[in-house]
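Visitor: The sequence isn't on hand, but the structure is:
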């Protein structure tokens, strides 16, 4: 029996939200990267959809911006 309640990571939502959040705080990718202990190039790759962050980074980003990780990754219930 198929589970209709599988959650999905929405990369388009994530990239848009990350960039919007970063810009709303007037941060460069380098400054955000320093705050999170990673490189600015990594932030840029995430924003461009070239890479996905790991779970730890998702939690760290959400904590930094004081949002939920579900919101950050555009978590949606599969219908």
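Guide: Right, received. Where do you want to start? Note that this is a predicted model, so its numbers are computed, not measured.
Visitor: Quick check: next helix or strand after the longest helix seen in the chain?
Guide: Secondary structure of the chain per DSSP state H: the longest helix is helix 11-24. For helix 11-24, the following helix or strand on the C-terminal side (DSSP states H and E) is helix 29-36.
Visitor: Against which helices or strands is that next one packed?
Guide: For helix 29-36, the packing partners by 3 or more C-beta pairs under 8 Å, 6 or more residues apart in numbering; DSSP states H and E come out as helix 40-47, helix 55-65. From N, CA and C alone the C-beta is placed, and that goes for glycine too.
Visitor: Determine the angle, from 0 to 180 degrees, between it and helix 11-24.
Guide: Inter-element angle recorded for helix 29-36 and helix 11-24: 90 degrees (by axes from the mean of the first three to the mean of the last three C-alpha atoms, to 10 degrees).
Visitor: now helix 29-36: mean pLDDT?
Guide: Averaging pLDDT along helix 29-36 gives 98.
Visitor: Please point out which parts of it sit buried.
Guide: Going by neighbour count (16 or more other C-beta atoms under 10 Å), the buried part of helix 29-36 is 29, 32-33, 36.
Visitor: quick check, nearest of those to residue 12?
Guide: Nearest to residue 12 among those, counting by C-beta to C-beta, is residue 29 at 18.5 Å.
Visitor: With residue 22 as the reference, measure out to that closest one.
Guide: Shown here: residue 29 relative to residue 22, a distance of 7 Å by C-beta to C-beta, to the nearest Å.
Visitor: again with residue 66
Guide: Applying C-beta to C-beta to residue 66 and residue 22 gives a distance of 14 Å.
Visitor: So which of these two has more stuff around it?
Guide: Neighbour count, other C-beta atoms under 10 Å: between residue 66 and residue 22, residue 22 has more, with 21 against 7.
Visitor: any idea what sits nearest that one, other than its immediate chain neighbours?
Guide: Nearest residue to residue 22, sequence neighbours excluded (C-beta to C-beta, 6 or more residues apart in numbering): residue 32, at 5.2 Å.
Visitor: so who does the one you found touch?
Guide: Residue 32 is in contact with 22, 25, 40, 43, 64, counting by C-beta atoms under 8 Å, 6 or more residues apart in numbering.
Visitor: List only buried entries from these.
Guide: The neighbour count (16+ other C-beta under 10 Å) marks 22, 43 as buried among those.
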